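Asker: need coordinates for the below:
(one chain, ligands or ions: 1)
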Amino acid sequence: MSDKYGVGIVGMGWVSGEHFKAYSNNEHAQVRGVCSLTVDESKAKLAELSATQCTEGVEVFATYEEMLACPEIQIVSVCSPPSLHPAQAIAAARAGKHVCIEKPLALNLANLRRIQQAVDEAGVKTIVSLECHYNPEVQVIKSLLDQGMIGEVFQCEADYYHGIGPWYAQWSWNITPQEGGSSYLSAGCHALDAVRYFAGSRVTEVSAFANTSRSNNLKYQYPPNTVCILKFENGVIGKCASSIEYIGPYYFPITINGDAGHIRNNQLWSNKIKGQQGMATIPTIMLDSGDVTHHPFQGEMDELLDCIVNDKESHLSVNNAAKTFEVVYAADQSAKEGRTIRIEEFLAK
Ligand SMILES: NC(=O)c1ccc[n+]([C@@H]2O[C@H](COP(=O)([O-])OP(=O)(O)OC[C@H]3O[C@@H](n4cnc5c(N)ncnc54)[C@H](O)[C@@H]3O)[C@@H](O)[C@H]2O)c1
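Answerer: Alright, predicted model coming up:
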């Protein structure tokens, strides 16, 4: 028997291939099973992956329950549409599997809490696909902040602009409130999470507005555009805009002001650098593509395996990532009610 952790993937669509590749590239993991809506779909995805990956011996399960019952599988990746994440993540945890869950973790607070309770009770390791944390540009910014290159941060902004239309398989379910949910739940959560990550504190208040373009060319059944402003416990103020009906190339601008400098994506102005004449550009891989094949899932799966092997909690565990989704729900509530939401009161309800 292999000493690698066996992985099972549920939902063999677009993102699943990147999970497959990232596990296959990790020395401690091996994909042993997959399942999806139909067996044919799983087989077709494996056939597609076999061009670049070893798919030999990967079992196609007819049902998720059968995959969970397989003792050769110790890790489950949930890559299905959002409304299925809670039940599938909870079932995986109760079956004693470590779990990787795609964003959005859950579409509402009640289901988020159910997932948290299940993984806490099971004591399994978890990670949530807010994988921008492993993008080199984000790592550059975080290390500049950690080294105090712009001093104490007082303002932080990140935005998500990515037109999600019929050219993506997920569009058919993503346009519905039952699956897509909101601009942030659909995808803008990556940017809201980045604001939280860089601000380094707890959000205390959020105020948001949402709309749909008059033409609504992409046929969203909920407002695909949201802008929110945020107040953090440490005094930082922030902003996050998200548009998934945006027309233009994928765009994820990041702006951070500190009392000793300024960061604009991979550009830096720092009072700590004497003689600086203009913004310094740090060559890196930018956060500038909505194609999942360009996303840094390797870092995510490597962190999950490291946490399992060395018995650690991931910095993107369900309980840590939950803090981003709590703000997402509060922002959406604010946009609906047209008022500022205090996070503590929102969570206490
Ligand atoms: N982290 C990221 O950057 C990122 C990028 C893309 C997608 N995602 C997320 O990944 C998830 C999947 O998105 P996608 O783009 O791959 O969607 P997709 O539509 O391409 O794939 C979803 C798959 O789930 C399958 N499925 C549907 N119902 C099922 C069921 N009951 N049981 C098992 N499988 C079922 C579908 O048949 C399909 O194969 C979503 O939550 C999405 O938000 C995340």
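Asker: who are the neighbours in contact with residue 324?
Answerer: Contact analysis of residue 324 by CB atoms under 8 Å, 6 or more residues apart in numbering lists 130, 189, 192, 193, 196. Where you see a C-beta, it was placed from the backbone N, CA and C, and this is true even at glycine.
Asker: between those residues, which is nearest residue 176?
Answerer: residue 189 (17.3 Å; CB to CB).
Asker: host element of the closest one?
Answerer: helix 189-199 (DSSP states H and E).
Asker: strand partners of the strand or helix carrying residue 7, parallel vs antiparallel please.
Answerer: Using DSSP H and E, residue 7 sits in strand 5-10. Paired strands of strand 5-10, with direction, are strand 29-35 (parallel), strand 75-78 (parallel) (DSSP bridges).
Asker: hmm, who's touching the shortest one?
Answerer: It stands for strand 75-78. Here strand 75-78 has contacts from 5-11, 16, 19, 23, 29, 67-68, 84-85, 88-89, 92, 97-102, 304, 308, using CB under 8 Å, 6+ apart.
Asker: list the buried residues in the helix or strand following the helix holding residue 189.
Answerer: Toward the C-terminal end, the helix or strand that comes next after helix 189-199 (DSSP H and E) is strand 203-211. Across strand 203-211, burial judged by 16 or more other CB atoms under 10 Å covers 203, 205, 206, 207, 208, 210.
Asker: which residues does strand 203-211 contact?
Answerer: 182-183, 196, 223, 225-233, 238, 323, 326-327, 330-332, 334-336, 339-344.
Asker: check which helix or strand covers the residue nearest to residue 25 when sequence neighbours are not counted.
Answerer: Leaving aside its sequence neighbours, residue 25 sits nearest to residue 298 (CB to CB, 6 or more residues apart in numbering; 6.1 Å). Assessed by DSSP H and E, residue 298 sits inside helix 297-310.
Asker: and if you look at residue 257?
Answerer: Going by DSSP H and E, residue 257 is part of strand 254-258.
Asker: pLDDT of that strand, averaged?
Answerer: For strand 254-258, mean pLDDT is 98.
Asker: sorry, back to before: output the strand holding residue 7 in PDB with nothing but the alpha carbons.
Answerer: Coordinates of each C-alpha in strand 5-10 appear next as PDB, following Å, rounded to 0.1, in the frame of the first residue of the first chain:
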ATOM      1  CA  TYR A   5      -2.600  10.300   1.400                       C
ATOM      2  CA  GLY A   6      -5.300   9.200  -1.000                       C
ATOM      3  CA  VAL A   7      -7.500  12.100  -2.400                       C
ATOM      4  CA  GLY A   8     -11.000  12.000  -3.700                       C
ATOM      5  CA  ILE A   9     -12.400  14.900  -5.700                       C
ATOM      6  CA  VAL A  10     -16.100  15.600  -6.000                       C
END
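Asker: all good on my end, thank you.
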